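> got a sequence here, can you build the structure:
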Amino acid sequence: MTALFEVVPKGQAIPNVPNAPESKAGDDAQPEDRQVRADDMLLVKVRYKRPGAIEADAAREVTGTLSRSSRAVPFADADADLQWSIATAAFAELLKQSPYAVPDQLEALRDIFAAQTARDIERAEFLDLFDAAVSLLAEQP
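Residues are numbered from 1 along each chain as shown. Purely as a prediction, here's the structure:
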């Protein structure tokens with residue numbers, strides 16, 4: 001499973017996307033609940049069980065932080081796996097006709113997928129599926 005989040009720093013405007021669901025803000029963490037250091041922008045915790053685990057097996061937890069001083073990396077400089085994840089998520093938004101989808105980015109998405117076909121057979125097959133889906137999308141009214 002891959003989860004992608006858009007982080008909007010406090011004080012900055014949340015993007016206004018027509019027809020998108022209303023944004024919801026969570027409650028501020030109480031000082032005694034905070035596990036984020038003063039220089040962190042966010043803390044992410046993921047709890048999981050290994051494949052094949054049973055209910056009685058203990059869950060594992062990993063955490064990671066992002067400091068306020070971290071610089072955003074331009075998409076072109078991101079590693080191939082992150083580019084792939086973002087592109088597949090963007091394509092999924094197009095397929096489900098999400099208000100967050102950007103239909104005029106199909107060519108850019110195809111370029112990202114095509115650039116990675118040599119990595120493994122699944123990515124090469126995905127490009128074929130992408131092309132077929134784009135053809136079907138073009139036939140829709």
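
> can I see the domain layout of the protein?
37-67, 75-139 (automatic domain parsing).

> how about residue 43: what's its closest non-neighbour residue?
Once flanking residues are discounted, residue 43 sits nearest to residue 36: 4.5 Å by CB to CB, 6 or more residues apart in numbering. Any C-beta I mention is one placed from the backbone N, CA and C, and that applies to glycine too.

> surely the one you found and residue 63 touch.
No - counting by CB atoms under 8 Å, residue 36 stays clear of residue 63, with 10.1 Å between them.

> higher neighbour count, the two?
residue 36 (13 against 10; other CB atoms under 10 Å).

> what about the more buried one, which helix or strand?
For residue 36, there is no enclosing helix or strand under DSSP states H and E.

> next one: residue 45
strand 40-48.

> buried stuff in the lowest-mean-pLDDT helix or strand in the chain?
Lowest by mean pLDDT, DSSP states H and E among the helices and strands of the chain is strand 40-48, with a mean of 86. By 16 or more other CB atoms under 10 Å, the buried positions in strand 40-48 come out as residue 40.

> output that strand as CSV, restricted to C-alpha atoms.
Taking C-alpha atoms only, strand 40-48 is exported to CSV below (Å, rounded to 0.1, in the frame of the first residue of the first chain):
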residue,chain,number,x,y,z
ASP,A,40,9.4,19.0,12.9
MET,A,41,6.6,19.9,10.5
LEU,A,42,5.0,16.5,10.9
LEU,A,43,5.2,13.1,12.4
VAL,A,44,3.9,10.0,10.6
LYS,A,45,3.3,6.7,12.4
VAL,A,46,2.4,3.5,10.6
ARG,A,47,1.4,0.4,12.4
TYR,A,48,1.3,-2.9,10.5
